[in-house]
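[1] 3D, please:
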Amino acid sequence: MPNSQFFFVGASVLSLMFAADGAWPLLGFSLLVMFTGIWRADQEQLADMTPSTLAMFLARQELPLLPLERFRGQELLRYESGCPVYRILRAGGCEWELVEEPPSMEPGGDYIRVYPGLLYRCRKS
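    From the prediction side, this is the model:
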């Protein structure tokens, strides 16, 4: 499929041609081409994102994205997307440990997702 620039240039050329010719009803077709270009540009941007950035914007349905402010962190590892990444999070008497490699998760598992899209597993005490 052609890239988004093809559709944007095509929509511009079609708009100019239809406007110069006075074919006003055909301007709707150039809008359709432009919306196709916008859709294609979104697909290209999603394909260029790193997995960590994608996880931040496209949170999984089964695991809502929780704010980091709800937890107390221990053992700072690094900063990601401007946020601290802790190995252990504590909240309400529970401990959560960072999962580096996301497992194939079954619904109802002992996992949470914390901003910016990091996966934590409940530690058994």
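[2] For stretch 31-42, list every residue counted as buried.
    Buried residues in stretch 31-42, counted by 16 or more other C-beta atoms under 10 Å: 33-34, 36-37, 40. Any C-beta I mention is one placed from the backbone N, CA and C, and that applies to glycine too.
[3] hmm, who's touching that stretch?
    When contacts are taken as C-beta atoms under 8 Å, 6 or more residues apart in numbering, the neighbours of stretch 31-42 outside the stretch itself are 1-8, 10-11, 14.
[4] can you check stretch 8-28 too?
    Counting by C-beta under 8 Å, 6+ apart, the neighbours of stretch 8-28 from elsewhere in the structure are 29-31, 33-34, 37, 41.
[5] Mind doing that once more with 7 Å?
    By C-beta atoms under 7 Å, 6 or more residues apart in numbering, the surrounding residues in contact with stretch 8-28 are 29-30, 33-34, 37.
[6] how about JSON lines for those residues, with distance to residue 20 and pLDDT added?
    Listed next are the contacts of stretch 8-28 as JSON lines, based on distance: C-beta to C-beta, whole Å; pLDDT from 0 to 100:
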{"residue": "29", "distance to residue 20": "15", "pLDDT": "93"}
{"residue": "30", "distance to residue 20": "12", "pLDDT": "92"}
{"residue": "33", "distance to residue 20": "17", "pLDDT": "92"}
{"residue": "34", "distance to residue 20": "18", "pLDDT": "93"}
{"residue": "37", "distance to residue 20": "21", "pLDDT": "92"}
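[7] Mean pLDDT per element in this protein, and the minimum belongs to which helix or strand?
    Least confident helix or strand of the chain, by mean pLDDT, DSSP states H and E, is helix 51-57 with a mean of 67.
[8] what helices or strands is the following helix or strand past that helix leaning on?
    On the C-terminal side of helix 51-57, the closest following helix or strand by DSSP states H and E is strand 65-66. Secondary-structure packing of strand 65-66 (3 or more C-beta pairs under 7 Å, 6 or more residues apart in numbering; DSSP states H and E): strand 111-114.
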